[in-house]
Every structure is written in structure tokens, then in C-alpha cells.
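*Asks:* What follows is a predicted structure for the sequence shown.
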Amino acid sequence: MVDLKEASERFHSDISTTALELDLLKEHKFVEDVGEILVDAGELEDCVRCSYQGRGIKVDGYFYDAEFDILYLIVSHWIDESDPAKSRVAPGEIDKIFKRCENFFSRSLKQLFSKIEIANEAHDLAHLIYETKKEITAVKIFLITDGICPKRHAEVVDTEGIEVTRVIWDIERILTFTETGEREPIIIDFTENGGPIPCLVENTEDKRYTVYLAYITGQALADMYSRWGTRLLDMNVRVFLSARGKVNKGIRETIVNEPEMFCAYNNGITVFAKEIDYTSLDDGLVGISKATGFQIVNGGQTVASLYHASKKQKAQLSQISVQMKLIVVNNKDDIETLVPRISEYSNTQNKVSMADLSANDPPHPELHEISKRLKAPDPTGGSRQTYWFYEKARGSYEETKRLEAKTPAKRREFEALYPKKQRFDKSLFGKSWNTYLRKPHTVSLGAQKNFADFNMWLKEQKEEGLNEFFKKTVALVLLWKNAERIVRKQPFEGYRHNIVTYTLTWIFELSDSRIDLAKIWREQVIHEKINDAVEDMSLIVNKHIRKTDKNVTEWCKNEECWKKLLDKDYQLPKGIEDSYIAPGSKKDVYDPRIKEVTEVIDFCKSKGSKAWWELAKWLKDRQFLSAKARSQCGNMGKALGRGKDPSYFLSTACKKAWEDSVVRGWSFTGEDVAGDVGTPKKS
């Protein structure tokens, strides 16, 4: 059981401390933190904070699912009271809070954006609502509060003809999830929708699981998706894939044009449930009346397409039946091993696995253990002993503290060894590294998608030991936290998360991945020259990402946004090289350009010195390309003739010259052409 009062005090203390460090309002920090919690809980894919309040209207965050045209809104009720007994929220107040958010939505349908400052992220939201008002199929509003609300089920209301679902996350629900890490199970009561489902029971020889074969209506599945969304697909390896592929197009066409053939054409769905309730039917069959922990592990596209067709094409699903294989794992200890395998083996057409979406597989457990035993250097030069705690699962920091520090004195000792400011989770882990890997557009996709992308990269890395990798990780986390602090203090209206990742990525690019991460680990601080660069460059980035006709948040997710930033002419501040870039230092093994550099140099070396000398002469005879390009080709021949590796800069120019020459008719004859252009020499 969660000690609600104690957990609430810790939660409020963390909010206050971090808000002060980042120069944020406590309510804004609350929205950001709970937004991340909602992502972890599977309620959202991402959360953009955009606090805005006016007469009778309020909104604090949003996420727009462009795949299914569902708008998620967040409205906050911050009481700033850590004692749950003193923070009760009355039913009438709850209705008023929801209504204010619904008013924001309905007024946004009527050009509210024109009355909001362009720099405010709420302007983007209001404009998005106005631009997509014909596409939006449903709205889901999350009321988040640090108070205690009366228990009530999610309710559906109608706003401007659109179905709006109201959901409450009060402090009890928030802390129950963060302290235990367990999501509320999805319970499907079939008696509420047509009665128990007749099924055949397959009692396998393997007693670890039981299989039930049945048919379920398309409408029932669409209704489930309407209520639970992608939470139905938590254990489905394809949850992050687009539903706009060829398979989905075919599914939707069948739903709309040949619903009576759906069962014949479609492979059906595979479902996992922790337990089921069943009853005997009159015809002697077994009927499933309730399923707890309901998860669609294969067939997510089918369910999502049924929902989409019912909302967008207004398709009638009454004639559609879907085959369902429901698996119950009888031993709870087998769930974590069997269910991911069932999902992965039944989704063979894609490389994504559940391991890509979680931090349970190597090297995460190993890095977690390293974080508890690898001492961080004392930045004062003294002997103070601290560690950087990697929280691979939400709540593991507090769980470790509860297990290892059972008295007030022990808890103080634990927090001294593992300061809260020196902990980082998988989300920060992923975005720090993907920023370093030149993927600000991927970081901007949101925590889950970014981590899945990063995790697939991580599993392929074998360049160095985990201790050294962990030190680099801490250095990157320090850079992120430091940049975040600087950007927070800038007079920017929103998009700070995007500004941080784009600014740091730009620094890594301009420094050619030679920022001395080992030095940052040793010193545990960021040099003022880097701080100056972050402050200066973030101003440019802020203007850059806003210079678009598109939604700024969506523009930041586009790789083109990053490529256009690279076109800007900027030099790192003088002195930064003396501080953090050692002259002639080697590239980091994780530099994303290493492969590109190697490929370009290898291309030039593969041609041989004779080919480059001949190309230089061929270009000079025909006066093709520039004099500089012709000279560079000759220099390439000279370097290779002396057995030297050419530089990346020279190789890039020569590779382009070679490719341009091929278009003009160049081909290597294999004859020996000696000498460098401009200074001919006999070989």
C-alpha cells in the first residue's frame, strides 16, 4: 500500500525544488511532470505544455494524434497542498474545471487563436484545433490535480457535436502509479455490450496457458478503442507503427465496401488477459463475461482501422465479425516472458520488439547497477561521495530508498549519496544521447518514440565498456540539464524542450563531436564557454524553429528543420576549444558521422592515385569544374601516391568532383597519368 501522505509530501517537495532550480511556476512543473507520467501510463504518446487561462477558459497541455485525429487536452488544478486530507476537490469544482477546458476547445473552433499571442504555445494549439476542426473525431480531457477527487468513471459529454471524454488523475491516482509503477488494468465487461461471448476452450498439454477461440463484433472492438485507445496495445510490438500503410488501406476498404467479407479476408486478433470470468451458455458452450488485463498483442491495426472507419467514414460495423484468439497465462510469473514472445512471433513482419520499448533488457539493468556503485568525482576536489542514479523504471529511486533506508537517518544518508538532482530516467537517457547523435527531430517526436529509436541503436553498440559508456551518459545528461536551465531563463514563450535539443545538437555538430565528455565527467560541471554558446545559440534556434507556416511542434519533428539549421553560418565562441576541445583529439566512437566519413574516404582510396591524377588532367584539358576542384583531385592523387590517408574534407570535395565528372562523360582508362595539376612531375 502507498503511504499517500508521505508520498504526497515527497512529490510536492520535488516539484518545489525543481521549479526553483528551473525558474518555473510550480504549477507549470506539475503539468510537465504529470504529462510525463501520463505518457508512461500509456494515456498519451507525448505532452506539450501550453498553459493558458482567460475568462471562463483554461488549458495546460495537449497532444494531437494525427493518425486517428484524436485531440488530448490537459487542464490542471494546482492546490499546492501536500496533505491529502486538506486538498479535497468538490464535484461541482471538478465540473467547472472540465467546462473551462471544453470552452477553450469550443472557442478555438471559432478562431480563438487570433486573440492569443503568436509566441505562446497555446496559439499553436488553438490554431491547430481551428485548422483540423473537420478532421477531429474525438477529444479526451485529463484533469490533473494535486488534490483528492471523488471516485468517478470516465464520462462522455458532447461539445460542438464532438464526443469529449472526461478523465481525472488526482494525486492518489498519480502517486499510486509512480510509487508502484503499475498501470490500472483494462477490464472489459462483455455483459455490458451484447452479453457473454461464446467460445471454444483449447486445453493444451502445456498448463502454463489456456486458449479461448471466439468471434467478437467490429463495433465492440471500435468501442474498446474509443475508450482505451493505444493502452489496448501496450504489449503489442507494432504500437508505434503507422496505421496508414497498405495493410490498413485494405482493411479500411473492406470495412467500408465489403463488411460481410471482413471475417474471410482478415486474420483476426490475438488477445492476452490476466484472468477471465466465464459462464455456461444454454447451448453448452462457454461464454466469456469479463476479461481483466485485456491486451491486443496482435491485430492492433485491425482494431485501430475499425475505430478509424467508424469515425471518419461513418462505417456501420454491425455486420463485421472478427476472429479472436484469447490467451490466459495461468502462472503470473510466466507473463513477462511468454506475452512478449507471443506478440513478437505473431508480428514477424516488423523488426520492432517490446525490448525496444522498455528498459528491462541489456544493457539497462547493467547500467542501473553501475549507477549504484560508480562514484562520481567530487567537483570541489574533495572526498565527497555521490552517485548518479539511473532510474530505468519509474519509481525505482524511491523503491530503492524504501528498501535500503528504513530510518530517517538512513534516508538522509541515502539522499546524500544519491542526490535527487543526480538521478535520470530512461526518457532523459534517450533524449540526451539522440541529441548527441544529431537527431533533434527524433527527440521532438516525444519520449516514447524517441526512446524506442534510441534503444534500437543502443543494442547495437559494442565499442567500449559499460563503465565508460555510463560516464559519457552522465556527461550528456549534465549538458542537457544545464542547457535546460539556461533556456528556461530565456524570455522564450514555450518550445523549450525543442530549443534545448536543437541547440545542443548544433553544438555537437559544430564541434565535430569533440566535446570532451570525459572532462565533463571528471569535473561534474559545465564550463562557462559552453554555457555562453548555449545561451547565444538558443536565441538563434528559437527564431529558427518559429520561422514556419506549420505548427511549430510538428515542424520540429521534421528532419528538414534540422537540415535548415545547419545552413546557418555560426562560429562557436572563442575559447571553447581551449576549454573543452583538445587540439587534434580523436572523434568519439559514437560520432554519427564516423560511418559517413569512413565511406567517403574509402570511396576515394578505392579509385587509386592514378585515377585521380588522370581525372585532374581530364578536367583541366576540358576546363570542367573549378580550378580548386581540379587541384583537389590532383592533391588526392598525390596523397594516395605517397601512401597517406586523405582528409575527410578533401575526400568529400573529390567524391563530388568524381560524381559530377561521371555525368559529364568521365571514365577511368587505367593509364598512368603522372603529376599534380599545376606542378607536373615525372613519376
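*Replies:* Yes, it's here. Residues are numbered from 1 along each chain as shown.

*Asks:* List the residues that contact F11.
*Replies:* 82, 146, 171, 174-175, 178 (CB atoms under 8 Å, 6 or more residues apart in numbering). (Each C-beta comes from the backbone N, C-alpha and C, glycine too.)

*Asks:* Using the three-state scheme, assign D333.
*Replies:* Counting by DSSP: H, G, I helix; E, B strand; the rest coil, the backbone at D333 sits in helix.

*Asks:* Which of the contacts of F11 are buried, as a ChimeraX select command?
*Replies:* Buried subset of the contacts of F11, written as a ChimeraX selection, criterion 16 or more other CB atoms under 10 Å:
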select :82,146,171,174,175,178
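
*Asks:* So which of the contacts of F11 are in helices?
*Replies:* Among those, the members found in helices (DSSP state H) are 171, 174-175, 178.

*Asks:* Confidence-wise, which of the residues you listed comes last?
*Replies:* Ranked by pLDDT, the ones in helices among the contacts of F11 bottom out at T178, which has 86.

*Asks:* What segments of the stretch 1-150 of the chain are strands?
*Replies:* Using DSSP state E, counting those that start in this stretch, the strands of the stretch 1-150 of the chain run over 48-54, 57-65, 70-77, 138-145.

*Asks:* how near is K471 to W388?
*Replies:* For K471, the distance to W388 (CB to CB, to the nearest Å) stands at 9 Å.

*Asks:* More neighbours: the two, which one.
*Replies:* The residue with more neighbours, out of K471 and W388, is W388; 24 against 21, by other CB atoms under 10 Å.

*Asks:* give the contact list for the more buried one.
*Replies:* With CB under 8 Å, 6+ apart, W388 has these contacts: 371, 374, 376, 422-424, 470, 474, 477.

*Asks:* Report pLDDT for it.
*Replies:* W388 is given a pLDDT of 98.

*Asks:* Repeat that for S51.
*Replies:* 92.

*Asks:* Renumber starting at 12 from here on
*Replies:* Noted, 12 is the first residue going forward, which turns the last one into S62.

*Asks:* Please identify the nearest residue in space to it, excluding sequence neighbours.
*Replies:* D71 (4.9 Å; CB to CB, 6 or more residues apart in numbering).

*Asks:* repeat for F400
*Replies:* R434 (4.2 Å).

*Asks:* check contacts around the one you found.
*Replies:* Applying CB under 8 Å, 6+ apart to R434 gives the contacts 399-402, 408.

*Asks:* still on that earlier bit, using CSV, lay out the strands of the stretch 12-161 of the chain together with distance to F201 and mean neighbour count.
*Replies:* What follows is these, written out as CSV (distance: least, CB to CB, whole Å; neighbours: other CB atoms under 10 Å):
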stretch, distance to F201, mean neighbour count
strand 59-65, 37, 19
strand 68-76, 27, 24
strand 81-88, 24, 24
strand 149-156, 23, 23
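
*Asks:* Would you mind confirming that N478 is in contact with R384?
*Replies:* No. The pair N478 / R384 is not scored as a contact, 9.8 Å apart, by CB atoms under 8 Å.

*Asks:* which stretches of the stretch 12-161 of the chain have low pLDDT?
*Replies:* Scanning the stretch 12-161 of the chain for pLDDT under 70 picks out the ranges 12.

*Asks:* and the protein, what are its domains?
*Replies:* 15-191, 198-365, 375-591, 605-674 (automatic domain parsing).
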